[in-house]
Every structure is written in structure tokens, then in C-alpha cells.
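Participant: Sequence unavailable; structure follows:
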């Protein structure tokens, strides 16, 4: 149970707010084929590997290949991602926009802590009509890659919230591990990259299906604490 109710909500982006997993998997598969001329790993392995620094993902997926080949796959992925996104579409998960609006109306501080780059985040927020939704955002290239807690610590500092007032919401164990490292609670979502078994093993405070379920939980806790 998430009690007492938090004030600061930190959202991951890919797989949490945005339904980008198909784009990420397809981009990785195309990049491996283009660079190595080989079939990509099993899709389940690709899914499980996403959510951290891209080079680390590629290294884990292709352990027998050279550092130069790893770099080439990363370069191809970065160069082709937007074309795949345009082909497959960029969208929020169902219910996310309404959930964020409701949470903001009830006084929660909404922020983003994402593995995306600053340029990538700044590009997609207006496309999703979220450019005015979050008070603060932090990205991996301006802080550190998950599960390092730097982005969470910075968001708590700038929002003047302590760990007991903060909740991390994400779809991977990397988000949960980052929350543990920062001493904050976490909600793991089934909507994205990692399996239910893997999420539960990382010991989140709670597991939910999607961000759309979050207002029901948090507003219930808020009412009970009054």
C-alpha cells in the first residue's frame, strides 16, 4: 500500500507513459540486421534488455561481437529510430493523458525521470501535447543512466521533497532499482518492457497495470489520510 500519499510523482517515459516498446524493438532488430547481416536475438530478449543505456543493451544482446560492432549498432539505432517511430506511430498509452490531468488537478507534482536524451525528450513532449504537464524533467544524458539515483535525487531537490514524499513510476526493474537507491517508493507497471515475475522480484512498493490505474490508488490514499 502506498501510504502516506506522496507529493512528488516521477514518471519514466518509454513503456510507462508512451507505448514505444514496438518502436524500440523494431529499431533494434533492423539495426542488428543492417549492421551485422544477422537475425536479431529473440524478441523477448530484446524487450528485457531495453530501458537502460543503449550501448549497455547492445552489449548484453550481442556479447560475442566486437566493441566496434556494438558502436555501429548503436549509431544505426539512433539514426533510424525516428523513421521507425514515424512508421509505427508515437502515442500515449490509453488513459494516460486523463490520469495526468486528474493527478495535477489534485495537487500532485508531476515530473519525468527518463533514460531518453534531453533532445529526445524535448522533441516528443510537444508531439504528445505534454509540454506543459511536468514541472521538471531529468534525462540520462544530463544526469546518469538508471539505476543510478542521480535524476531522482535532483528532482527531489528542485521540488523540495524528501524521499518519503516521492514516488517513482516505471515499467522496468531499472526504475525500481533506482527508487531503492534513492530511498523512495515505487510503482512498477505491467505496460512496458519487463515481465511480471521480473518486476515483482525487484520489490516495488506496488505493481499496477498502467498509469491509468494510478489516480484511483493515490486519491484513495489521500482521502484515507485526511
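Facilitator: Perfect, I can see it now. Values in this document were obtained by computation on a predicted structure and should not be read as measured data. Numbers count the residues shown, from 1 in each chain.
Participant: how many other residues sit next to residue 99?
Facilitator: Residues near residue 99, counting by other Cβ atoms under 10 Å, number 21. No exception for glycine: its C-beta is placed from N, CA and C like everyone else's.
Participant: didn't it look like it was pressed against residue 216?
Facilitator: No: Residue 99 lies out of contact with residue 216 (Cβ atoms under 8 Å); the separation is 9.1 Å.
Participant: Okay, and residue 41 sits in which element?
Facilitator: Using DSSP states H and E, residue 41 falls within no helix or strand.
Participant: now the closest residue to it other than its chain neighbours: how far from residue 14?
Facilitator: Nearest non-adjacent residue to residue 41, counting by Cβ to Cβ, 6 or more residues apart in numbering: residue 61, 5.2 Å away. Taking Cβ to Cβ, to the nearest Å as the measure, residue 61 falls 17 Å from residue 14.
Participant: ok, those two, which is more surrounded?
Facilitator: residue 14 (23 against 20).
Participant: Okay, and the beta partners of that one?
Facilitator: residue 18 (DSSP bridges).
Participant: i'd like the first residue to be 18 from this point on
Facilitator: All set: I'll call the first residue 18, so the last point we hit is now residue 31.
Participant: mind listing the helices for this protein?
Facilitator: Using DSSP state H, the helices of the chain run over 38-53, 60-66, 71-78, 84-105, 113-122, 135-144, 167-175, 190-199, 213-218, 231-241.
Participant: Tell me which of those is the most buried.
Facilitator: Mean neighbour count (mean count of other Cβ atoms under 10 Å) peaks for helix 190-199 among those, with a mean of 24.
Participant: now that helix: mean pLDDT?
Facilitator: Averaged across helix 190-199, the pLDDT comes to 97.
Participant: which outside residues touch that helix?
Facilitator: 29, 33, 68-69, 130, 132, 163-166, 168-170, 173, 180, 183, 185-187, 202-203, 205, 211, 215-216, 218-221 (Cβ atoms under 8 Å, 6 or more residues apart in numbering).
Participant: List the ones among the residues you listed that fall in strands.
Facilitator: Per DSSP state E, strands hold the following members of these: 130, 183, 185-187, 202-203, 205.
Participant: now, among these, which is nearest to residue 20?
Facilitator: residue 202 (9.6 Å; Cβ to Cβ).
Participant: need the contact list for the residue nearest to the closest one when sequence neighbours are not counted.
Facilitator: In space, and not counting its chain neighbours, residue 202 is closest to residue 222: 4.1 Å by Cβ to Cβ, 6+ apart. Going by Cβ under 8 Å, 6+ apart, residue 222 touches 19, 184, 202-204.
Participant: and the gap between residue 222 and residue 70?
Facilitator: Distance from residue 222 to residue 70, by Cβ to Cβ: 25 Å.
Participant: Could you do residue 95 as well?
Facilitator: 12 Å.
Participant: Now do the contacts for residue 36.
Facilitator: So residue 36 contacts 108-110, 208 (Cβ under 8 Å, 6+ apart).
Participant: nearest to residue 57, of those?
Facilitator: Among the contacts of residue 36, and counting by Cβ to Cβ, the member closest to residue 57 is residue 208, at 22.9 Å.
Participant: count of residues packed around that closest one?
Facilitator: Neighbours around residue 208, by other Cβ under 10 Å: 22.
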